[in-house]
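1. With the input below, show me the fold.
(chains A and B)
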Amino acid sequence: MNDSSDSEYEDTEYLVFADFKNHIHPHQLKHEDAAIKIIGIESDTPMAEVNGSIYRGRYEHSVGTNVFFEKEKDNLASDPLFESVCRQRYQYVDKSTKVISFERVYVDNLHQEVEKSAETEEDDQTEPKPESLKLNITYKEAINKFGEDH
Amino acid sequence: MSRQLSFNPQKEYELIEYPGRVVNPDRMIATLGGIINVSKVLGDEVKRLALHFHPENPYNKPTFGDCTDKTGVLLSITVRRHKKDKQRPPEYFVRVLGHCSRSFTFETLCDFQYLPLWSTPKSDNANAAQELTYALDQLKPKNTTDLDYFKRRHSQLLALPELFTHVDTVYAGTYRIDPSEDGQHEVLGVQSKSSYDNQGVVSFNMVDSFPTQADSQNLKRLKVKYVSDEQLALVKKLFDDCPIWTRIALQYESGLTNDKLKCITPSLAFYFSNGPWRTLYVRFGYDPRKDFNSRYYQTFDFRLRFSTGLSEFVYAKKFVKQRRAANAPFAPIEDRVSDLVQDIDYPYFDEHKLPRSRQCMLRYCDVRMTRIQEMLEKIPTPLTGAVCNERTGWLPPGFDAQVRQIVCASISELLRNHYRKENLTAEVEAVTQADEEDEDEAEDEETQEEDMELDETQAMGNSEQFVDNDIEQLFDNITS
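-> Just a heads-up that it's a prediction; the model follows:
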């Protein structure tokens, strides 16, 4: 599988910063059970669910550059004679100029979406298995499925 | 279509919104003061992140970034495209790497940036062109072991202050609360609305008609002040008998307090602020301009002229009321003075007493002197349809001056009689002394006779003069 993927496909990785501004408290993201679901990343309006709240995103360019740092795991004690002492050293991780700005959205007609998702399930069952592996789900169907997961 | 590979944003990252396009991360970190300085600032919650655009130059002042709360998630999106088949849509794989709870943003002002550039000639020629050289090496040593620094000459001096601005934040406040207005219509010191309700005050004129009924607010005020029907009827009867009254006369005749009259009077009469009937209340519906009998009610403004002889008897109205309110203990003097001076609340002028205050507002019918009342009666009746004068009313010109002279004469006569009584008491005392000393009797009698003769001559002269003046003025009035 790896050989075939290396030969057939080429991967490009992009670092994107999802900006929720102040709609989410930081401690909600630190929790172990916290999970973020994102769908529609290729469309103009990606959707995100964070702890039951649904957000709609919009692609933007950052003013300047977003630079990310993280704590170093190996916190070596530095020599105070040649450089100043600091408690916790940080190291450079990466930079990015792509931002997705998320805003809170309130979903209406949730029951109808549940019914639609049920209908899609029936359609999936009727279809043969080889065809279902092709991922022929459209955006609206994905939204309905998202509602089902919720 | 996309697929999400990881969901947990538990890992924490620190975000710095660098104000520039980062091409070389090492130089970016150098402008932030090195990784050690960045670690210090990221580890502290209060420190500001300094950004030097030119790290090696100490004369470039830094711009500072503040820590702001901002929640975000770091995502890694991998796009997989097929090499051969370009028509095939790409696949997206989303990974959640971690989260950020804050960010450092640079939103403050930047201080001055200085470069140590020196202008030096290219050669020894005086007309040679000058060029700017970067003199940082000459101003400071390169490193701790640079001993050549002390050998180099400082051709020019560069002295700059440590800081130019003490505040680098943008003040977004405005001095005007409402920014839409330009402020040109604002007026300082606006006059406040007058609280005095002067609807009952009328300015005298010969053209306009006077009000015929009271304002509705005055009628409401009667109920608020608990004015009874008997009191209202009492004052109404006074206005039926006589259409024009002074405030003191109303207070004296009705016996009501000033507090009640303030409500009753505006509902029955209006007030003249000027003209022949100024400071008087006139019944609604009565027009003094058309009634010849209103000459009895014109205003007689009398003020004492000579103050040397009267200052010890007659005082200003305010002073009298203040002394009464304070209950002055000088009762015997008051008793003695009250025989001579009229009471402050008495609205009429009697011939045998001094006026109540130095200034009295009277009607001509309030002056109870026979001569003045006869003069009022003798004024000839005008033709039918005639109107009064704007200044003198129904009275002939100069009439008020005559009345004023007559009143002054009676006052001086009254004072003379008063002093004569004092002399009599002095004579009685002298007689008692004469009994003790028998030798001086003749001298006292002579002096008494002389005083009597002088008084008689003065009285006769004064009375003759006044009579002559009156007759002459009457002739003038008849001819005019």
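
2. burial count for the closest residue to B:Thr105 other than its chain neighbours?
-> Setting aside the residues directly before and after it, B:Thr105 is nearest to B:Glu17 in space (C-beta to C-beta, 6 or more residues apart in numbering or on different chains), at 4.9 Å. Bear in mind the C-beta positions are built from the backbone N, C-alpha and C, glycine included. The number of residues packed near B:Glu17 is 20, by other C-beta atoms under 10 Å in any protein chain shown.

3. now swap in B:His52 and tell me
-> Residues near B:His52, counting by other C-beta under 10 Å: 17.

4. go on, the one 3 residues further on?
-> Other residues within reach of B:Pro55, judged by other C-beta under 10 Å, total 16.

5. Am I right that it is in contact with B:Thr31?
-> Yes - look at B:Pro55 against B:Thr31 with C-beta atoms under 8 Å: they come within range, at 5.6 Å.

6. So B:Ser412: helix, strand or coil?
-> Using DSSP: H, G, I helix; E, B strand; the rest coil, the structure places B:Ser412 in helix.

7. ugh, wrong one, A:Asp94
-> Per three-state DSSP, A:Asp94 ends up strand.

8. Enumerate the beta-bridge partners assigned to it.
-> Assessed by DSSP bridges, A:Asp94 has beta-bridge partners A:Phe68.

9. which residues touch the closest residue to chain B within chain A?
-> Per C-beta to the nearest C-beta, A:Pro26 is where chain A lies closest to chain B, at 3.4 Å. Listed by C-beta atoms under 8 Å, 6 or more residues apart in numbering or on different chains, the contact set of A:Pro26 reads B:Asp69, B:Thr71, B:His99, B:Ser101, B:Arg102.

10. let's see 7 Å
-> B:Thr71, B:Ser101 (C-beta atoms under 7 Å, 6 or more residues apart in numbering or on different chains).

11. Tell me which stretches of the stretch 101-250 of chain B form strands.
-> B:117-121, B:130-134, B:201-202, B:244-245 (DSSP state E, counting those that start in this stretch).

12. quick one: A:Glu141 is in a strand?
-> No - A:Glu141: not assigned to a strand; according to three-state DSSP it is helix.

13. For it, grab the count of nearby residues.
-> 16.

14. Could you list the low-confidence segments of chain A?
-> A:1-8, A:31-32, A:74-79, A:83, A:87, A:108-137, A:146, A:148-150 (pLDDT under 70).

15. Apply 80 and report the result again.
-> Low-confidence segments of chain A, defined by pLDDT under 80: A:1-10, A:21-34, A:37, A:42, A:51, A:58, A:72-89, A:106-150.

16. of all of chain B, which residue lies closest to chain A?
-> B:Ser101 (3.4 Å).

17. Excluding chain neighbours, what is closest to that residue?
-> Per C-beta to C-beta, 6+ apart, closest to B:Ser101 is A:Pro26, 3.4 Å.

18. before we move on, what about B:Leu75?
-> Nearest to B:Leu75 is A:Val16, by C-beta to C-beta, 6+ apart, at 4.5 Å.

19. No further queries at this time; thank you.
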